[in-house]
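Student: only the shape, not the letters, is given here:
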C-alpha cells in the first residue's frame, strides 16, 4: 500500500489510539474504525461532507494560485509576511491545516521542513498532483476538529484562509493549538468581522447561493464574472478596496496578473465567496481570547492581507 504518510504516524481521530495498516486501508485496533486509502492518501472523513464546493473549486483551479504557475511570489510573500518564519527550516516539522490545492504547501516544501498537510475536501487530490513529488510532503484528508496525529508534535502549525469556513472557528483553533509542541508556534488568519466587511454583496446573496448545488452555482459564476471584471477593476482604481466591494465579484489586477490569470482568479474566488457552507468572520478580540485560552505567549494579532492574523508561541514546559 503506497501511503504518502506511514500508517504508524497516524492515530484514530475517533479514539486517539494508534492505527495500523490493513489490506483495505487503515484500521484502529482500539475502536475498530476503518479508514480507506485512495491514491496513496489516507482518508479520515466521509467522501460527502460540507466541503464539497472546495473540492470542486480546487480540482478545477488546481494550478491557478500556485506561484510556480503564476510566475510571481504572491503566495510566498503572503506566507512569510504572515508567519514571520525563516525561509530555511530543515529539520522542522510543520502542520498545514486546510491546504486547498497547495499554494502554500508548495512554498513550505521549499523550506526543507517536513510538511504534514491536510484538507477536509477532495482538494488533497489537487495538492497531490501539484506537490506530491516532494519527498518532504506528508499528505492526508482529515477534519480539523479531529486531526489524526499525536498532540504536541509540531514546531510550526499554520492555517490560512480556512477557519471562517469551519462550523466552529474557535474549536477548530483550539484543535490546532493542541498539535503545537512546547516552544513551537501557531499562525492563523480569519476573515475580519466589522460593519464594512458585512456591507458586501456576498452576505446579501449567500443565503441563496450557499443552498445551491455547487455545480449549478459554478455555471452561474462562469457566466457573470467575465463581463464584470473590467467594471470591478475600474471601481478599485477609482475608490480602492471600498470601491471594489461595490461589485458582486472579486478581481486581482492590482497583483500584476495577466488578463487571463486575473480572470481565473476572479472565477475561483468569486465562487469561493458564495459557495461555502460556513462563513464566520471574527473580531481581533476573539482571536486574542483564543490564544489566551490556549495558554500561548508572545501573541500578536494584527490586520493582514486576508483579514485578522493571529500568531503566538506555546510556552516551553
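Tutor: Alright, I've got the coordinates. Computed from a prediction, not measured in an experiment: that's the story for all the values here.
Student: which strands and helices lie in contact with the lengthiest helix in the chain?
Tutor: Using DSSP state H to define each element, the chain has its longest helix at helix 214-244. Applying 3 or more C-beta pairs under 8 Å, 6 or more residues apart in numbering; DSSP states H and E, one finds that helix 214-244 makes contact with helix 52-60, helix 259-274. Yep, even glycine has a C-beta here, placed from its N, CA and C like the rest.
Student: want to try JSON lines for those, with mean neighbour count as columns?
Tutor: Shown next, in JSON lines, are these (neighbours: other C-beta atoms under 10 Å):
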{"stretch": "helix 52-60", "mean neighbour count": "22"}
{"stretch": "helix 259-274", "mean neighbour count": "20"}
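Student: nearest to residue 215, out of the ones you listed?
Tutor: Ranking the helices and strands packed on helix 214-244 by their distance to residue 215 (criterion: C-beta to C-beta) puts helix 52-60 first, at 7.1 Å.
Student: buried stuff in the helix or strand following that closest one?
Tutor: For helix 52-60, the following helix or strand on the C-terminal side (DSSP states H and E) is helix 67-70. The neighbour-count check on helix 67-70 (16 or more other C-beta atoms under 10 Å) flags 67, 70 as buried.
Student: quick check: next helix or strand after helix 67-70?
Tutor: In N-to-C order, the element after helix 67-70 by DSSP H and E is helix 74-83.
Student: what's the next helix or strand after that following helix packed up against?
Tutor: Next in sequence after helix 74-83, counting helices and strands by DSSP H and E, comes strand 93-97. Here strand 93-97 touches helix 103-109, strand 114-119, strand 154-159, going by 3+ C-beta pairs under 8 Å, 6+ apart.
Student: what comes into contact with strand 93-97?
Tutor: The contact list for strand 93-97 (C-beta atoms under 8 Å, 6 or more residues apart in numbering) reads 104-105, 108, 111, 113-118, 144, 147, 149, 153-159, 162, 176, 179.
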